[in-house]
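[1] quick one: sequence and predicted model below, then my questions.
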Amino acid sequence: MTNATFSGRATTRSSAPVHVLCVDDEPVVLLLMTRLLERLGLEVTTATGPIEALAFFEAGRFDLIVTDIRMPGMDGHAFLAEIRVRDPEVPVVVATGHASLDSAIRAIRDGASGMLMKPFTGEEFQAEVRAALEKARITGRRSNTST
């Protein structure tokens, strides 16, 4: 499910669609995230690892990133650090099934907008996405983003 892009209904005031980059090494999780985000009317690009996701990030504009922490090659913390170098303001939601309190604190300290524990419900996932996009809108990041 690499590089799957889906069109949705949510747009910014400038008519550009809201675009989310989802990063997880589990294809079934990427499929679930994609379906949940599509229901919100968002465009989705998926990557099965951080290296691939960084290439997508360099090539496009994303309003939100949702990433796993434990992935082969580069973990989510290192990925978050790489994203922050490239764009210190893009909202990032971290989703993981292996979180500890230290890991959660580190992710938030490193600039994650939110955190989800796997397994999560569709409602929890969508609420976290909405909250991250709304926080970004309120704080001026992607000030024309809405869901």
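    Alright, I've got the coordinates.
[2] which neighbouring elements make contact with the lengthiest helix in the chain?
    In the chain, taking DSSP state H as the definition, the longest helix is helix 122-138. Secondary-structure packing of helix 122-138 (3 or more CB pairs under 8 Å, 6 or more residues apart in numbering; DSSP states H and E): helix 27-39, strand 64-68, strand 92-96, strand 114-117. (Glycine included, C-beta is placed from N, CA and C.)
[3] how about low-confidence regions in the chain?
    In the predicted model of the chain, residues 1-15, 99, 141-147 satisfy pLDDT under 70.
[4] identify the residues contacting Arg70.
    Residues in contact with Arg70 (CB atoms under 8 Å, 6 or more residues apart in numbering) are Gly76, Thr96, Gly97, His98.
[5] buried ones among the residues you listed?
    Among the contacts of Arg70, those classed as buried by 16 or more other CB atoms under 10 Å are Gly76, Thr96.
[6] farthest-apart pair in the contacts of Arg70, please.
    Spatially, the most separated pair among the contacts of Arg70 is Gly76 and Gly97, at 11.6 Å (CB to CB).
[7] start and end of stretch 107-125, how far apart?
    One end of stretch 107-125 sits 17 Å from the other (CA to CA, to the nearest Å).
[8] do stretch 34-53 as well
    With CA to CA as the measure, the first residue of stretch 34-53 is 15 Å from its last.
[9] repeat for stretch 76-94
    8 Å.
[10] for that stretch, which positions count as buried?
    For stretch 76-94, the neighbour count (16+ other CB under 10 Å) marks Gly76, His77, Phe79, Leu80, Ile83, Val90, Pro91, Val92, Val93, Val94 as buried.
[11] thinking again about what came up before, got the angle between the longest helix of the chain and strand 64-68?
    On the basis of axes from the mean of the first three to the mean of the last three CA atoms, to 10 degrees, helix 122-138 is oriented at 140 degrees to strand 64-68.
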